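Chemist: no sequence on this one, just coordinates:
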Ligand code: SF4
Ligand code: SF4
């Protein structure tokens, strides 16, 4: 497009998202290669995984951690930090 | 009209005071320090009501805080120099990309290593592609006037971009010059209260500058178009400025160009010295004139080409260097002339790095070298500081 044909969009041309919390509506975990899998029989409910997850992808429930797979990026920090081996790595799509 | 003696640093501080800047995040660095000290003193003495003067721990934080404050709709001023400007570099792109009309005075100083405290334009021109509007003043009156104009231009809905007002360290920053300080009433008439076009407000949460996918190109194009729009806006603002303050500015500063066969292209305070040298050379019958670049971004292509089209030979005098290439403005001038019917000869001179004095005799020497180049039909690219070393 020729320079003079590019319309000036005013404030519509400024990178702003006006709707708060809109990220909650999209799947932010679609490009995950591996996922954490929880084994409740080994879990002591110590909450370490819940605190360590950099993406706040772990919700805390009375039954222990619940991994929100629309947010989890598969970084495996929770698996690494779990002291009892209650979280393990599994390949996506395997 | 009453004139007051102020340094370039104080002139910039007066600009911030007169525009009633709400937020001034800052970090001191030579030769900008006096600008910030002046504002600090006024703030401590209660002379800046409604202004939050915020001392920070680094220039990166200063510009980050400036972005935050501008995003919630405050009029922001800050100032820096040299290494401080480089430390801000990352955040400068963010300010421009988020289209936040911050105004910053930059007080040029050469870059390390080796360390110099003195002026050249590499710090300022290093920000050339950041998306900011870039203005360069010749004297202390222009520093103040440019700060006032910069806010009007930056905040215009057709522009919405941050702006940098540059002055040369020491030569202007620490030199007293008599200038007219306008009344607050005049400035209020020229620059009304800031009405931000887009803000983060408590009751209206938005996300600015989020990650995007293929839309990226659209937003970069909008940054570009906004900057091109600024050319028209600058001309309107200069008309308004003249009506209210009586001082006239143009996109480029033309000095004795009507019949000039030789033209020197300069930037900043060295232009004043060069103009004095030109007056003397005119007495000797040399047809030489000067084009001073004052608006660097957006690039006033037509104004520059128009001013240079009748020249026989042009000397682009760069107080900066792009190692491995040459002076930074040298190729910009050649590119601007490229589509003219008749091409003047263009030589490039790198001068005055790290504050090396740009004297009248050096300007005359450059002019004579340019005459030699014209006679020989062969342009040159030369380092003018090195002969005495
Ligand atoms: S894999 Fe990473 S992102 Fe996913 S739940 Fe564990 S810590 Fe959070
Ligand atoms: S870190 Fe392991 S043991 Fe602790 S709560 Fe998480 S899964 Fe359970």
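Modeler: Nice, thanks for sending it over. Bear in mind that the values here come from a model prediction, so they are computed numbers and not experimental data. Numbers count the residues shown, from 1 in each chain, chains lettered A, B, ... in the order given. Ligands and ions are numbered 1, 2, ... in the order given.

Chemist: how many other residues sit next to whatever residue of chain B ends up closest to chain A?
Modeler: Nearest residue of chain B to chain A (CB to the nearest CB) works out as residue B:222 at 3.5 Å. To be clear about C-beta, it is placed using only N, CA and C from the backbone, and glycine gets the same treatment. By other CB atoms under 10 Å in any protein chain shown, 23 other residues sit near residue B:222.

Chemist: What of the one 3 residues further on?
Modeler: Around residue B:225 there are 19 other residues, counting by other CB under 10 Å.

Chemist: Can you classify residue A:31 as helix, strand or coil?
Modeler: coil (DSSP: H, G, I helix; E, B strand; the rest coil).

Chemist: Residue A:35 versus the residue lying closest to it once chain neighbours are set aside, what's the distance?
Modeler: Nearest residue to residue A:31, sequence neighbours excluded (CB to CB, 6 or more residues apart in numbering or on different chains): residue A:73, at 7.7 Å. In this view, residue A:73 and residue A:35 are 10 Å apart by CB to CB, to the nearest Å.

Chemist: what's the answer for residue B:26, then?
Modeler: According to CB to CB, residue B:26 and residue A:35 sit 48 Å apart.

Chemist: Name the residues of chain A found near ligand 1, please.
Modeler: Residues of chain A lying near ligand 1 by CB under 6 Å from any ligand atom: A:36, A:53, A:55, A:57-58, A:67, A:72-78.

Chemist: Just the residues you listed: which are in strands?
Modeler: Under the assignment DSSP state E, those contribute A:36, A:58, A:67 to strands.

Chemist: From those, pick the one nearest ligand 2.
Modeler: residue A:58 (7.6 Å; CB to the nearest ligand atom).

Chemist: before we move on, back to that, possible to save the residues of chain A next to ligand 1 as CSV with pLDDT and neighbour count?
Modeler: Below are those laid out as CSV (pLDDT from 0 to 100; neighbours: other CB atoms under 10 Å in any protein chain shown):
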residue, pLDDT, neighbour count
A:36, 98, 26
A:53, 98, 22
A:55, 93, 15
A:57, 96, 24
A:58, 97, 23
A:67, 97, 18
A:72, 97, 20
A:73, 96, 18
A:74, 97, 20
A:75, 97, 16
A:76, 97, 15
A:77, 98, 16
A:78, 98, 25
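
Chemist: Is it possible to get JSON lines of those residues that adds distance to residue B:374?
Modeler: Below are those laid out as JSON lines (distance: CB to CB, whole Å):
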{"residue": "A:36", "distance to residue B:374": "75"}
{"residue": "A:53", "distance to residue B:374": "71"}
{"residue": "A:55", "distance to residue B:374": "66"}
{"residue": "A:57", "distance to residue B:374": "70"}
{"residue": "A:58", "distance to residue B:374": "75"}
{"residue": "A:67", "distance to residue B:374": "76"}
{"residue": "A:72", "distance to residue B:374": "70"}
{"residue": "A:73", "distance to residue B:374": "65"}
{"residue": "A:74", "distance to residue B:374": "68"}
{"residue": "A:75", "distance to residue B:374": "66"}
{"residue": "A:76", "distance to residue B:374": "70"}
{"residue": "A:77", "distance to residue B:374": "69"}
{"residue": "A:78", "distance to residue B:374": "74"}
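
Chemist: where exactly do the strands run in the stretch 151-300 of chain B?
Modeler: Along the stretch 151-300 of chain B, the segments classed as strands by DSSP state E, counting those that start in this stretch run B:163-168, B:177-179, B:207-208, B:252-255, B:262-267, B:288-293, B:295-297.

Chemist: out of those strands, nearest to ligand 1?
Modeler: strand B:207-208 (21.0 Å).

Chemist: Counting by contacts, list what the closest one packs against.
Modeler: If you count contacts as 3 or more CB pairs under 8 Å, 6 or more residues apart in numbering or on different chains; DSSP states H and E, strand B:207-208 packs onto strand A:16-17.
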